[in-house]
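>>> Dropping a prediction and its sequence here:
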Amino acid sequence: METVGFQVDDNPKKENAIEGDTKLKSIPKEMSRKKKLRKSSSSSSTTEQQNQQNQSIEQQLRNFNSILSLIPTNKIRGMVNDLADDLLKSVGPKLKLANLDPLKLPERSVEFEKQVCCKTYPGVAELKNGVCKGLSTARRHGEVGLDMQEGKAEITFSIRIGPVVVSYDSDVTLRNHVYHPTFNATTEYIDGIVSLIFNIKEGKMDMQKLKVEEIGAITVGITNMSIFYRFLVKPVVTHLIESEKKFLIEKINSDFKESIKGLAENALNVKRWLPTGIFS
């Protein structure tokens, strides 16, 4: 009798396992296709939003130009004058809040020589309790200039600060004598120019420059010292005139400039100076 042999399959689900494995491999491909579709849809949506934003900006610029063309020149000049005035009115309180007016000055020493009766004597002046007052008095000086460009408006105006007074108490030693005069260096005005750029597209304003153009004559008054001896400290007066010019220019180009710059960049109500309808 012939014996027939059968091979028993120990894993009857093998075929199904292979089929399942094939399905699992196809799932990542399907997910990848869906991600690409979502990404493409998102990119398309972003592009559409960007196009809508660009169209909105272009419409704002058309509104800006068309509305400005209907406004009399003196009315436009009045608006930018108000802008400059309001900006400068905000500078004063900000400087005072930052302890920049009055501003305490550091102590310093000035060495000098003075000729008395054909003989030269060395001297030294110890300047102390120094104070600068008047930097917060900035105001507009003259009309505001307006230069319209593509999507931008440059606003330029002159400012005047003053009077500004710098005062020091002192101990002056000369010819073995010590004097205690008080020096008051005063200038009636400091003139400068400010340039702002208003970005119509973004509704933002930035400061382009601030430059000191002229400092008025500085006069130095002396108190707490006999008029007969004031000639002895004339070299100190000369030194004060030159040093205070440099000091005032430095302060205006630093702290004062930063104050205007910060106010301009954070002027959230810039649009209120503009005609109704520009940003509609």
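On my side now, so go ahead. Numbering: from 1, shown residues only.
>>> give me the number of residues near Phe112?
Number of residues near Phe112 (other CB atoms under 10 Å) recorded here: 19. Using the backbone N, CA and C atoms, a C-beta is placed for each residue, glycine as well.
>>> pretty sure it belongs to a strand, no?
Yes - secondary structure of Phe112 (DSSP: H, G, I helix; E, B strand; the rest coil): part of a strand.
>>> What residues does it make contact with?
Shown in contact with Phe112 (CB atoms under 8 Å, 6 or more residues apart in numbering): 122-125, 235-236, 239.
>>> what about burial for those, which qualify?
A residue is treated as buried here by neighbour count (16 or more other CB atoms under 10 Å); on that basis the buried members of those are 123, 125, 235-236, 239.
>>> Can you classify Glu244 by secondary structure?
In three-state terms, and counting by three-state DSSP, Glu244 is helix.
>>> wait, what's in contact with Ile260?
By CB under 8 Å, 6+ apart, Ile260 lies in contact with 87-88, 91, 194, 207, 210.
>>> ok, 7 Å please
With contact set as CB atoms under 7 Å, 6 or more residues apart in numbering, Ile260 has these partners: 87, 91, 194, 207, 210.
>>> Please name the strands paired to the strand of greatest length in the chain in the sheet, noting orientation.
Secondary structure assigned by DSSP state E gives strand 119-133 as the longest strand of the chain. Pairing partners of strand 119-133, with direction, according to DSSP bridges: strand 103-105 (antiparallel), strand 108-116 (antiparallel), strand 164-174 (antiparallel).
>>> Could you list the buried residues of stretch 117-136?
So stretch 117-136, judged by 16+ other CB under 10 Å, has buried residues 123, 125, 127, 130, 132, 134-136.
>>> out of the residues you listed, who's nearest Leu105?
Taking CB to CB as the measure, Gly130 is the one of the buried residues of stretch 117-136 closest to Leu105, at 3.0 Å.
>>> Just the pLDDT at that closest one, thanks.
In the prediction, the pLDDT value recorded for Gly130 is 93.
>>> Low-confidence bits of this structure, can you list those?
Residues of the chain meeting the criterion pLDDT under 70: 1-47, 49-76, 200-201, 203, 266-280.
>>> Swap in 80 and give it another go.
Within the chain, the stretches with pLDDT under 80 are 1-80, 148-153, 198-205, 263-280.
>>> could you pull out the strands for it?
Ranges of strands in the chain, per DSSP E, are 103-105, 108-116, 119-133, 139-140, 145-149, 152-161, 164-174, 177-179, 182-187, 190-199, 204-215, 218-223.
>>> circling back to that earlier point, looking at the buried residues of stretch 117-136, spot the one nearest Val172.
Within the buried residues of stretch 117-136, distances to Val172 taken as CB to CB reach their minimum at Ala125, with 4.6 Å.
>>> Hmm, the closest one is touching Val110, no?
Yes - in this structure, Ala125 sits in contact with Val110. The criterion is CB atoms under 7 Å, and the distance is 4.4 Å.
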